[in-house]
Every structure is written in structure tokens, then in C-alpha cells.
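Participant: Sharing a model prediction with you, sequence too.
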Amino acid sequence: MTEVKVAVLGASGWMGKVHTMAYQTFPHFFGESGGTARVVALVGGKSSTPQDLAFRAPGAKILANWQEAVADPDVDLIDICLPDNLHYDVAKAALLAGKHVFCEKPLADTAAQARELADIAKAKGLITRVGHAFPRNPVHDRAKEIIDAGEIGEIKLFKGCQHVDMYGDPLAPYMWRANGDLAPTGIVGDTGSHVFSFMDFLVGKVSALIADNFIVTPKRPVVEGVGLGAETALSGDEDWADITNPDGSNILCTFANGARGLVDFSRIATGRKFMQTYEIYGTKGSLAYTYDEVNRLRFYTNDDKVGRRGYRELNVGPEHETYKAFLPLPNFALGYNESKIIEAAEVIQSIVANTPMWPTFETGHHICQIVDACMESSRLKRWVDIP
């Protein structure tokens, strides 16, 4: 199989649009040697129309529901960009139907569900992928190279955060992401899972944690048709809905390799439109990253002479083949959509070569274990071990 036929579910939403674009775009940058994709089916949302979807993937079938896509014999890969509470059911049905699956994060509502999905995929020999795209930016490959080469020594401390202010304003409208029925783990599975993916990719498995999850504004006004990032004036006649999942969390953790972690994330950090950082401290050096300098890594090493020690800036550029596919010069900045194009190319390459690539459903299972532990720890107000 060199052409993979894809059905994108949730194609009318933000992620669905990005995924649909990525499948059609990646050969322009990476060529066709690793395989190509053809989007053959799209499933939109309640507010979308066939006309809305048709131009996004010319020739694709516009299907009424995800069940039709899973049953379609023309489809090789099911791409899930649906609300969190549907991930498990749709992924399981797709795997049982013999389809490869690419699922946006979080993989499932619970670690038990994620474990079941990973086991089904393994038994059927299917390729899986979870949408943890941020670590696929080439700058994080550079960080991993430095860590794996022992240049910062034994890792002792990880500090990571991700904050947005979509709910910084107490009057910001209610949306499905704040509904515990549709997104049971709230910001923990939504944003926390991004930080957890960096932890898995760069440091290793988490063995125990204690978390303090919190809700800042318990009710929000309901404004129909308002999506993520939109602003609207209130009339004063709105209904108000309860916020039933976490707005943020503060976490202490330990890793299986003995390192410690400090992690925080939220959707209520007024003024932080998108803040994502990590710092990794070892016995010989350290690394620091901020998304505001998206292709730049800061590296400190004790190997420098006394009096010359300090963080140096490493600008990832065309010496990295993935970066080179997009840009000929360093520090031009690969952004979020490029990371999703890289992700789509790797998904197709995995299927064509029948070779799993990080992050698979096995990775997704461990990240769901961390999410589960955060929810349990905050509820019980104590440390929780992760097996």
C-alpha cells in the first residue's frame, strides 16, 4: 500500500480542518517515497453542511456519521477529531473493523479504555497514532539527541507548563470543552496531556504523582454558535451552565528513572494566549524551551570553562532533515500547522512501512494513566502510584 485512503471524522472543526489540510499538503514537503494519502471521506458536525465540507477535500464522500466511515471498505485509516467522549467508542469500532487509527488526544476517557485499544491494535497488527504533535517539532528532536547522548547527565528535575486564557474572563461563554460529560478530564486531558507528552518523549515514564485540580469559575453563560477563541457580547438573558471539569492543575511527580517533576497548566491564565515551556535539569547541564521561540533551544553545560558558562541558544535549521523540508534557513520558525503536517506524513509513512512511530496507542495509554492519576489524586488529596 503506497496510497492510504483516509476518513476524517469531525472534519468541520478546528482539528478536522487541520488534519484534512495536512494529508493533502505533506507530499509537497516530504515527497511521495514514504507514501501518499487521499482523503476519501469526511464526517462533519451538527452545524456543518455538505457544501461546507466539499471544497476541503475535492472528491471525498460526505458521510452522515462516523459509523458509515468505519464501515466503508474504501477507507484504510480512520482519523478521529471528535469530542473526547467519542474517542474510545470510535477507535474501538475502527480497530475491530481492521482500520488503522489516528486519534486526537486524549486517546480515551480512562487508562483502562486506552489499554484495551492498544491491545486490540497489537492483536490485529494495526498502526496507531495519538495526536501529540508538539514534540514532533524538530527542536525537540534536538533536545532528545542531547539528552540521549548524555550531554546534560542524569536528569534530576523536569519543570513544564502550558497555559491559555480562553477562560480567564469569568464571562467567557461556555463550550463543550468545559462539559464533564463530553470532556470528562477537562484541561487535564486537553492541555495537560501536551505537557505529559513532552515528559514521555524526553524524560521517561511517570511513576507517581500528587495533583490539585481546580475550577475557578463554576458557571458560564451559554451562547449558541460560539467556538474556541471567539469573543461575543452578552445580552444579559443567557442561560448559565455548570463547569463540570477542571480549569487547571498543579502537579508534583516522580519518574521511573528517579527524576522529579513540577507541572502546571490551565485555561484561566489571563494574558497568556498560549504559553508552553519546559526546563530539564541534569547533573552535567540543562535545557530550556519556550514556544514563543518555537525553533530555539537553550542549552547549558558544565563542560564549558569556568567564567564562560551560560545558556547558549541553539537555533534548529536545515541541518535537521524535517526542518529542511520546509525552510532553507534557521530561525524562520515552524509553527503548529507544520507540526501537524509532519505528524500526517509520519502516520502515512508508518502505515506504508508497517512500522509504528511515537506516539502510538501504547504511548497514549501511559499518558492516560497520568491523566487518571491526576483525577484520582485530586479527588483523594494524596499521592497516587502509576503501575
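Facilitator: Received the coordinates, thanks.

Participant: now the residue nearest to Asp52 when sequence neighbours are not counted: how far from Asp165?
Facilitator: Counting by C-beta to C-beta, 6 or more residues apart in numbering, Ser12 is the residue found nearest to Asp52 once chain neighbours are left out, at 6.1 Å. All C-beta spots, glycine's among them, are computed from the backbone N, C-alpha and C. Per C-beta to C-beta, to the nearest Å, Ser12 is found 25 Å from Asp165.

Participant: So for these two, which residue has more residues nearby?
Facilitator: Here Ser12 and Asp165 are set side by side on neighbour count (other C-beta atoms under 10 Å), and the busier one is Ser12, at 20 against 17.

Participant: That one and Ala54 touch, don't they?
Facilitator: No. With contact defined as C-beta atoms under 8 Å, Ser12 does not reach Ala54; the gap is 11.5 Å.

Participant: Regarding this structure, what is its longest helix?
Facilitator: For the chain, the longest helix by residue count, based on DSSP state H, is helix 361-380.

Participant: For that helix, which helices and strands make contact with it?
Facilitator: Packed against helix 361-380 by the contact rule (3 or more C-beta pairs under 8 Å, 6 or more residues apart in numbering; DSSP states H and E) you find strand 100-103, helix 111-124, strand 128-130, helix 193-202, strand 206-214, strand 248-255, strand 384-385.

Participant: Dump these to a markdown table, plus mean neighbour count and distance to Tyr23.
Facilitator: Output for the helices and strands packed on helix 361-380, formatted as a markdown table (neighbours: other C-beta atoms under 10 Å; distance: least, C-beta to C-beta, whole Å):
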| stretch | mean neighbour count | distance to Tyr23 |
| --- | --- | --- |
| strand 100-103 | 27 | 10 |
| helix 111-124 | 19 | 20 |
| strand 128-130 | 28 | 13 |
| helix 193-202 | 24 | 21 |
| strand 206-214 | 19 | 32 |
| strand 248-255 | 21 | 33 |
| strand 384-385 | 16 | 39 |
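
Participant: of all these, which lies closest to Lys92?
Facilitator: helix 111-124 (6.1 Å; C-beta to C-beta).

Participant: Could I get the buried residue list for stretch 241-250?
Facilitator: By 16 or more other C-beta atoms under 10 Å, the buried positions in stretch 241-250 come out as 243, 245-250.

Participant: contacting residues around the residue nearest to Asp52?
Facilitator: Contacts here follow C-beta atoms under 8 Å, 6 or more residues apart in numbering; on that basis Ser12 touches 44-45, 47-48, 52-53.

Participant: cool, and Arg260?
Facilitator: Going by C-beta under 8 Å, 6+ apart, Arg260 touches 156-158, 252-254.

Participant: How far does the helix or strand harbouring His19 sit from its chain's centre?
Facilitator: Using DSSP states H and E, His19 falls within helix 14-30. Remark: helix 14-30 is offset 16 Å from the chain centroid, using C-alpha atoms, centre = their mean, to the nearest Å.

Participant: Tell me which residues are up against it.
Facilitator: With C-beta under 8 Å, 6+ apart, helix 14-30 has contacts from 6, 8-11, 36-39, 42, 44, 56-57, 79, 81, 102, 104, 131, 227-228, 325-326, 337, 340-345, 348.

Participant: Narrow those to just the buried residues.
Facilitator: Buried among these by 16+ other C-beta under 10 Å: 6, 8-11, 36-37, 39, 42, 44, 56-57, 79, 81, 102, 104, 131, 325-326, 340-345, 348.

Participant: what residue ranges in the stretch 101-250 of the chain are flagged as low confidence?
Facilitator: Applying pLDDT under 70 to the stretch 101-250 of the chain flags the ranges 227-230.

Participant: if you set the cut-off to 80 instead, what comes out?
Facilitator: 225-232 (pLDDT under 80).
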